[in-house]
Each structure stands twice: as C-alpha cells, then as structure tokens.
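J.: no sequence for this one, just the structure:
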C-alpha cells in the first residue's frame, strides 16, 4: 500500500506538468485555447506553406531537438493559432506505467497580460502573479509560447521603447530558457524590435531561431462592415 501510494503521488506530480498548459496559461483571447492544426483553415498559398513548416518543426521538437521559433507578421494571420497548436502537439501526458517518463510542461503566455498581471500585484498583495512567480513559471516550462511580444509597450506604430521593467522581465525569462524551446509571436518588424528593446535583448530573443514569416496572408479577423 505504501508503494502504491508513493506511485500515485509521483504520477500526480508528473500529471501536473501536463496540466500546466490548461491551468497556467495566460490568454488575451481565450478562443486561442481551442486552436489545433486541424482547425487552422488555409485559403492562401502562404498559409499552407507556413502551416506545413510549423508542423515539420514540431516533429523535430518531438524528437528532442532544441531551437526557438519566431512567427512574425501583421495581426490576424494566425500566428497565435499556430503557436498554440504546436503546444497542443507537444503537450503529451506522461506514461502512468513508466516512472522515468517525467512528462513535459507547455505554457502559453500573452506578454501584455503577463506584464499587466505583475504590475497589478504591486498594489494587490493577495495576487499570486508577482514578478518572481511569473518569471519562474515562464522560465520553468519545457515549451513556452511568448505571444505578441512588443504589444506590452503600446501601439506597434508608436515610437515608444520598452520600460526597464519589461527589459528586466524578458531578460530573466530568456536567461532561464537557454536550453529550452521558446516560440515567439509578434507583429513587429526587426527594425521595430531594435527600436523597442536594447540590442542585447533582441539578440537573446532571436538566437537559435527558426522563422515563419507572414507577408501576403490576409487578416482572418477583419470583418466587412456595411458602411
């Protein structure tokens, strides 16, 4: 009975890693949590190419390779959808009969939401979303999506620069993830990234990267207005 109890506790701990994606992710748009490769509808050649590339990269990650993925393009082309779909494929539950299978944790974090939650914790002492908690959460995940990086500084068309707080936050996360997989999505061009962040931070963000770029895909969220 003792061994069985220990086994159940040990498996419960491994199962917690699998549940990280659902329980700990921070979304700006909750509909992203329903994203899969199957429901990423393609209507244009670039969409087809980028979906296939993302699926191919995921296969390499499943085989144990470690690299980062950077999805860039204007809003509404499906960058967040593909990023979350990748996590869904990587988020495999641990084998209950194999104690050596420790499982892998996946996490989706919208950068603007994370920054807002941390700032709110400055005045709300009951909040668990302290800077230490969020940076550790992001640093510990085996597979992490940092969604919409750059949006936390304001409009992509502004000349604003990231605050010292944002620099510190991203530095801490990237420092903890040197040997882990991070998937970034952004609307920003490389010129804008260098304008908003210092060059050392941009270098960290873009190291060991595989790129998926959207140039011609139309905005899936744009509605035709009757005026």
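T.: Nice, I can see it. Since the model is a prediction, treat every value here as computed from it, not as a measurement.
J.: show me where this structure has helices.
T.: 2-24, 45-62, 79-90, 111-123, 131-140, 164-176, 190-196, 199-205 (DSSP state H).
J.: need the winner for burial among those.
T.: Counting by mean count of other C-beta atoms under 10 Å, helix 79-90 has the highest mean neighbour count of the helices of the chain, with a mean of 23. Every residue, glycine included, has its C-beta placed from N, CA and C.
J.: do you know which of the helices of the chain lies nearest residue 36?
T.: Nearest of the helices of the chain to residue 36, taken as C-beta to C-beta: helix 79-90 at 5.2 Å.
J.: who does that closest one touch, helix- and strand-wise?
T.: Under the contact criterion of 3 or more C-beta pairs under 8 Å, 6 or more residues apart in numbering; DSSP states H and E, helix 79-90 touches helix 45-62, strand 68-72, strand 106-110, strand 143-147, strand 181-186.
J.: JSON lines for those, including mean pLDDT and distance to residue 211?
T.: Shown next, in JSON lines, are the helices and strands packed on helix 79-90 (pLDDT from 0 to 100; distance: least, C-beta to C-beta, whole Å):
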{"stretch": "helix 45-62", "mean pLDDT": "97", "distance to residue 211": "9"}
{"stretch": "strand 68-72", "mean pLDDT": "97", "distance to residue 211": "5"}
{"stretch": "strand 106-110", "mean pLDDT": "97", "distance to residue 211": "20"}
{"stretch": "strand 143-147", "mean pLDDT": "97", "distance to residue 211": "15"}
{"stretch": "strand 181-186", "mean pLDDT": "97", "distance to residue 211": "10"}
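J.: in TSV, list the ones you listed along with distance to residue 204.
T.: Shown next, in TSV, are the helices and strands packed on helix 79-90 (distance: least, C-beta to C-beta, whole Å):
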stretch	distance to residue 204
helix 45-62	20
strand 68-72	10
strand 106-110	17
strand 143-147	12
strand 181-186	10
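J.: closest to residue 24 out of these?
T.: Here strand 106-110 is closest among those (C-beta to C-beta), at 5.9 Å.
J.: now do the closest one against strand 181-186, angle only.
T.: Between strand 106-110 and strand 181-186, the angle formed by their directions is 20 degrees, by axes from the mean of the first three to the mean of the last three C-alpha atoms, to 10 degrees.
J.: got the angle between strand 106-110 and helix 164-176?
T.: Using the same axes, to 10 degrees: strand 106-110 against helix 164-176 is 160 degrees.
J.: who are the contact partners of residue 54?
T.: Contacts for residue 54 (C-beta atoms under 8 Å, 6 or more residues apart in numbering) come out as 37, 69, 71, 82, 85-86, 212.
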